[in-house]
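>>> After the sequence you'll find the predicted model.
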Protein chains: 2
Amino acid sequence: MTPRGAPEGWRFAARMLLERITSPQDVKALDPSSLPQLCTEIRRAILMSSASVGGHIGSNLGVVELTVALHRVFDSPTDKLIFDVSHQTYTHKMLTGRASNYLDPACYGQLSGFSNPLESEHDLFSMGHTSTSVSLACGMAKARDLAGEMHQVVAVIGDGSLSGGLALEGLDSLAELGSGVIVVVNDNGWSIAENHGGLYRNLAELRESAGGAPCNLFRAFGLDYRFVANGNDEAELERVFTELRNVDHPVVVHVCTTKGAGYEPATADSENWHHVGPFDVESGTYDVFPRNRCEDAETYAGITGSYLLDRMKSDASVVAISAATPYIMGFTPQRRAQAGEQFVDVGIAEEHAATYAAGLARAGAKPVLGLYGVFMQRAYDEFWHDICLNNLPVVILDFGSSVYGTADATHLSFFDLALMGGLPNLRCLAPVCREEYVAMLDWALAQNERPVVIRVPGNGVVSRPDLMTDSDAASVPVSGVIAPLASAPSVAANGAACFDTPRYQVVRPGSEVAVLALGSFFALGERVCDALSSEGLNPTLVNPRFATELDTATLDALAATHRVIVTLEDGVLEGGWGEQVARYLGDRDVRVLCRGVHKDFPDRFDAAELLAQNGTTVEAIVRDVHRVLK
Amino acid sequence: MTPRGAPEGWRFAARMLLERITSPQDVKALDPSSLPQLCTEIRRAILMSSASVGGHIGSNLGVVELTVALHRVFDSPTDKLIFDVSHQTYTHKMLTGRASNYLDPACYGQLSGFSNPLESEHDLFSMGHTSTSVSLACGMAKARDLAGEMHQVVAVIGDGSLSGGLALEGLDSLAELGSGVIVVVNDNGWSIAENHGGLYRNLAELRESAGGAPCNLFRAFGLDYRFVANGNDEAELERVFTELRNVDHPVVVHVCTTKGAGYEPATADSENWHHVGPFDVESGTYDVFPRNRCEDAETYAGITGSYLLDRMKSDASVVAISAATPYIMGFTPQRRAQAGEQFVDVGIAEEHAATYAAGLARAGAKPVLGLYGVFMQRAYDEFWHDICLNNLPVVILDFGSSVYGTADATHLSFFDLALMGGLPNLRCLAPVCREEYVAMLDWALAQNERPVVIRVPGNGVVSRPDLMTDSDAASVPVSGVIAPLASAPSVAANGAACFDTPRYQVVRPGSEVAVLALGSFFALGERVCDALSSEGLNPTLVNPRFATELDTATLDALAATHRVIVTLEDGVLEGGWGEQVARYLGDRDVRVLCRGVHKDFPDRFDAAELLAQNGTTVEAIVRDVHRVLK
């Protein structure tokens, strides 16, 4: 495929240097005078491939020279190169035998966007979460020392990762290692959005003083330190790395690079060009900027940002908190400016974000923490100890948690229900539609009783006002019978939806088979019911809404009046919501079929295929229901 | 009760100052000349009460003057005092209306050993995990600023907590707050064991330079800084705090205290006196020093330390890793010295410990990470992303996880199974006895296929060689029948126990009822079976051994031949192991009863009572089995 806006002659000529690079040895063999051309070719390959299939363009353009210098000085895979997050390894991949995947349009996007040991011996870990590289390097260096080996271990960290607690623990611990590790701090001045935190002021001070400022975070951690002012100067980097080739103690090399270097649109707008979908190379425009997408009222980001800004206007105690991903909750730079002191981005520091929210709630404010589901797990202990143990009314918005979310193994975002299920005091609400989401936001912000997670559907916005009306929100179990309900208990006296008590919504009363379809899988449940109905059955359809607590009254009634209960959840089964239902009903005369996905680390999967492999399709579920009904 | 070795006249006279302190106002009202006497009385109260009921004596003796000074300068609870970990709040409790609990032997031990909002409005959070205070202070200060209030927020951190990533994230973020927060760093030179990490070198440099060293960790995080050389000098502390009373920006006060100050045995041996059981005040001796206990061959600490030291001698790649709790895995100072480079204490930094282990394993070493179950949750993301996603053969020893473990709500250690159940690739083994534990250690260290957690029984060591013999390890399901087994699949060709495949051990084949009793609850399962047998039933008893994976062949066979399956686990039910069994058997014609404890935060509970409340007693289970069999 031809990238849109690709300049004339964008297909590379056969005499390219990059085409001849099959391993780091080929990079070493190049005459230094060829390196500027190599870097130009690499940049062009990054641009062309990303323009076609998307990618983390900013940081990759920034580390071209750094990566070339590393591979010229060190001997990967004998020497260990560990790239933090590994989202900035495109050059590394090109130099380790995988250039064709960035040169041949037919191969664009075939590689993982992250490092992957299955792809190459030069990729040491599957990784995609930040701040791990220093600790991994400590471990690899320790193993080297115990084995009496002599190679070097290099961690490349930066692009926002330094503020994660694990990175700081790693730096602190590194000083005790007593042998050689090189930590390259790629200081490009950015996280995903702008950097946050006092340490970045120290980095600025060090930049301004050419590394000479006496107060130095890295030295304060007991580490040796070098400064490279121009991290896009390959020769200078090569000189410094050569000097450190056999260093026998931990040293930090502070390298200043330009995020997006070599592509003006990306340097001019680092936040939007951190990660892009397909774009037009020539004009530097692309269809869906995060900023545009996240103000779109047809996205949950857009709905959330607009809702929260509105709430902030009438309530000065509402604080939206992000850990370096403001756009997932709809906070563009403009909206952040509008929110002023009521929006806080703490940088990549999910643990701090959670405990900070606990402090806010304890002092009477209304914190709303917006996290990607996959990153909630980075703050598990803070959820348990700071938020849930103290039963503080923090509102957590859990975005993107779905098999339809990120499909990289490193970023699987369907483990969240299993993680939350065991947390006492936590109420997790799973809305089906935008109307229910807003009703849950209203309720969560109005109450002071407990922490609330709202699991924002990760498979798109649907509108289902029918689920919100009294007459349709329509049934409550009374003494074992699923009876129609005049005044739905889900609606409080003031007309607002009420989630004070775990109460399932029986959307269609029926018999024999009950389908409990949680949140983003409600539509799947409807389709299962439709299919069963078309075969003459009269299934009950339930919108459970509560994902970590059971509505035991409704379950009792359903068990007494049905032969099969099906639970559908958009997440892992092991430790998930359906298993709680199965356990609760374990002593009843009713069969329970739990459907979702089994725990695993599928990589770059197709969601529909994954569900089919797990028996979570309309056809498979209908077949299983019939099997059990026999 | 009279503390052993209490000096003559240990009961305090009626004219004591401390008896007259009912609130911080009374502390403020004292003439400065009375304060040395007050501090002496407080120290004596700490000593006497701890000698009777145990406690965190070292750090509490160290912060007497600091706490008095804080309460004289600040106005709690209007001003917010947040003590990290809150294990060093005895003085704070005495000065906020709770002195009698440390003065009247009849009241010793009635208070929580940690801060607790249910006890006093001066205790802001239930807390017991380290490194949270700075983030909590950020949140409370932010809420103050949004509400336009003017009080001060003070976090007191130290005693090892500073190395936790959350504390470092908090310090980094604090600089951005732009308003007043005081962080008191209590630098006593110690964690639970000795301090580890480069930052402690910087603290030493600051101590040596009276705070004047230009390289300063706190300033590198963008924070203002003061130094107090003698943190046991109340007057000096009061002077500094008064100066900072209305500070309008974040400032760190680096205070040097002596751990155990005022009690020679505790200053002379900080590690052993970090937390003590009852002891003899006069002689400074107590029955069970951690050092003695953890070399006791009748404890799992002793068994582990001895086993690992032995393995290290024959295999230089074995590395034992601790996060500041070396004694739980049997590593006394002597054993640490023997292990040399093969033992690593990373300090309070569980995340780093886990990722460091991943790095070691990737490089071919054999890391064995020993953690308290309750603190495993501090490294959830590192387990998921660094260890499990990369499927690295890290061996994790999960200590103390049991309802019979720590009974403080802050330290509940029975959430671990629920946490691990959803982790792909992870094999969690739950041994019943010391023989099985050692067999599992042998297997885990010999294999390179996957990460392994061994859930060390938290309810004491039992010896059950009978479970290890071929003839008793005795049954395997064949085509739906529980048949006796000649060659147990749990024993490999070389005679070593083998855990390559999830395979339950059918200890007593029977019919109708099968009791699957996991690890530390195996003995409970035996008692349930005995009770059922005495009533004429012939229950099957199973030792499942695999806590996060199912032996589906055995479950299929059991379901086909039994009417009731009982699962017993020493942990929370929600998200736990039993629910996986219930889900798997949900579509079968068999009832499943899952017993354990429901998710909750019970505080200072009696384990037997807690189990009774959850229906997890022999009597209740037998009753439930009969109910279902009807």
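Received the coordinates, thanks.

>>> how deep is the residue of the stretch 301-450 of chain A found nearest chain B tucked in, by neighbour count?
Closest contact between the stretch 301-450 of chain A and chain B, by C-beta to the nearest C-beta, is at residue A:359 (2.1 Å). Where you see a C-beta, it was placed from the backbone N, CA and C, and this is true even at glycine. By the other C-beta atoms under 10 Å in any protein chain shown criterion, the neighbourhood of residue A:359 contains 32 residues.

>>> Which residue is the nearest non-sequential neighbour of it?
residue B:139 (2.1 Å; C-beta to C-beta, 6 or more residues apart in numbering or on different chains).

>>> Can I get the host helix or strand of that neighbour in PDB, CA atoms only?
Under the criterion of DSSP states H and E, residue B:139 resides in helix B:133-147. Extracted in PDB, the C-alpha atoms of helix B:133-147 (Å, rounded to 0.1, in the frame of the first residue of the first chain):
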ATOM      1  CA  SER B 133       2.000   9.200  53.100                       C
ATOM      2  CA  VAL B 134       3.400  11.700  50.600                       C
ATOM      3  CA  SER B 135       0.700  10.900  48.000                       C
ATOM      4  CA  LEU B 136      -2.000  11.100  50.700                       C
ATOM      5  CA  ALA B 137      -0.600  14.400  51.800                       C
ATOM      6  CA  CYS B 138      -0.700  15.700  48.200                       C
ATOM      7  CA  GLY B 139      -4.300  14.700  48.000                       C
ATOM      8  CA  MET B 140      -5.300  16.300  51.300                       C
ATOM      9  CA  ALA B 141      -3.500  19.500  50.400                       C
ATOM     10  CA  LYS B 142      -5.000  19.700  47.000                       C
ATOM     11  CA  ALA B 143      -8.500  19.300  48.500                       C
ATOM     12  CA  ARG B 144      -7.600  22.000  51.000                       C
ATOM     13  CA  ASP B 145      -6.500  24.400  48.300                       C
ATOM     14  CA  LEU B 146      -9.700  23.800  46.200                       C
ATOM     15  CA  ALA B 147     -11.800  24.500  49.200                       C
END
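
>>> And it, what does it pack against?
With contacts taken as 3 or more C-beta pairs under 8 Å, 6 or more residues apart in numbering or on different chains; DSSP states H and E, helix B:133-147 sits against strand A:318-322, helix A:350-362, strand B:80-83, strand B:153-158, helix B:165-174, strand B:181-187.

>>> following the longest strand along chain A, which helix or strand shows up next?
When chain A is parsed with DSSP state E, its longest strand is strand A:562-572. Scanning forward in sequence from strand A:562-572 by DSSP H and E, the next helix or strand is helix A:577-584.

>>> hmm, that next one in reach of chain B?
Yes: remark: helix A:577-584 sits within contact range of chain B at A:578-580, A:582-583, by C-beta under 8 Å from any C-beta of the partner chain.

>>> Can you list the strands that the longest strand of chain A pairs with?
Strand A:562-572 has the following strand partners under DSSP bridges: strand A:512-517 (parallel), strand A:591-597 (parallel).

>>> Where does pLDDT dip in chain A?
Within chain A, the segments meeting pLDDT under 70 span A:1-14, A:191-193, A:287-292, A:469-496.

>>> which residues in the stretch 201-350 of chain A form strands?
With DSSP state E, counting those that start in this stretch, the ranges of strands along the stretch 201-350 of chain A come out as A:224-228, A:250-256, A:318-322, A:343-345.

>>> ok, the residue nearest to residue A:370 when sequence neighbours are not counted to residue A:369 distance?
Nearest residue to residue A:370 in three dimensions, chain neighbours excluded: residue A:329, at 3.3 Å (C-beta to C-beta, 6+ apart). According to C-beta to C-beta, to the nearest Å, residue A:329 and residue A:369 sit 9 Å apart.

>>> Overlap of the contact sets of these two?
A:322, A:397 (C-beta atoms under 8 Å, 6 or more residues apart in numbering or on different chains).

>>> Tell me which of these two has more neighbours.
Shown here are residue A:329 and residue A:369; by other C-beta under 10 Å, residue A:369 has more neighbours (31 against 27).

>>> that older thread, tell me, how many neighbours does the residue nearest to residue A:359 end up with?
34.

>>> wait, it sits on residue A:357?
Yes: between residue B:139 and residue A:357 there is a contact under C-beta atoms under 8 Å: 6.4 Å.

>>> Need the overlap of contacts for those two.
Joint contacts of residue B:139 and residue A:357 (C-beta under 8 Å, 6+ apart) are residue A:367.

>>> Return the distance of stretch A:392-402 from the chain's centre.
13 Å (C-alpha atoms, centre = their mean, to the nearest Å).

>>> okay, how far is it across it, tip to tip?
Stretch A:392-402 has an end-to-end distance of 26 Å (C-alpha to C-alpha, to the nearest Å).

>>> Is it positioned near chain B?
No: Stretch A:392-402 is not in contact with chain B by C-beta under 8 Å from any C-beta; minimum separation 8.7 Å.

>>> Up against chain B, what does the stretch 401-550 of chain A have?
Counting by C-beta under 8 Å from any C-beta, the stretch 401-550 of chain A sits next to chain B at A:409-410, A:415, A:418-419, A:421-425, A:548.

>>> Just give the closest residue to residue A:138, not the sequence neighbours.
residue B:356 (5.1 Å).

>>> which parts of the stretch 251-400 of chain A sit against chain B?
So the stretch 251-400 of chain A meets chain B at A:316-317, A:319, A:341-342, A:344, A:346-347, A:349, A:351-352, A:355-365, A:367, A:375, A:377-378, A:380-382, A:384-386, A:388-390 (C-beta under 8 Å from any C-beta).

>>> Mind doing that once more with 7 Å?
Proximity of the stretch 251-400 of chain A to chain B (C-beta under 7 Å from any C-beta of the partner chain) is limited to residues A:316-317, A:319, A:341, A:346, A:349, A:351-352, A:355-360, A:362-365, A:377-378, A:380-382, A:384-386, A:389-390.

>>> got the phi/psi numbers for residue A:543?
phi -100, psi 100 (degrees, to the nearest 10).

>>> now swap in the one 10 residues further on and tell me
Geometry field for residue A:553 lists phi and psi as phi -60, psi -50, criterion degrees, to the nearest 10.

>>> what do you get for residue A:55?
According to degrees, to the nearest 10, residue A:55 has phi 160, psi 180.

>>> how deep is it tucked in, by neighbour count?
23.

>>> Return the residues in contact with it.
A:49, A:113, A:275-276 (C-beta atoms under 7 Å, 6 or more residues apart in numbering or on different chains).
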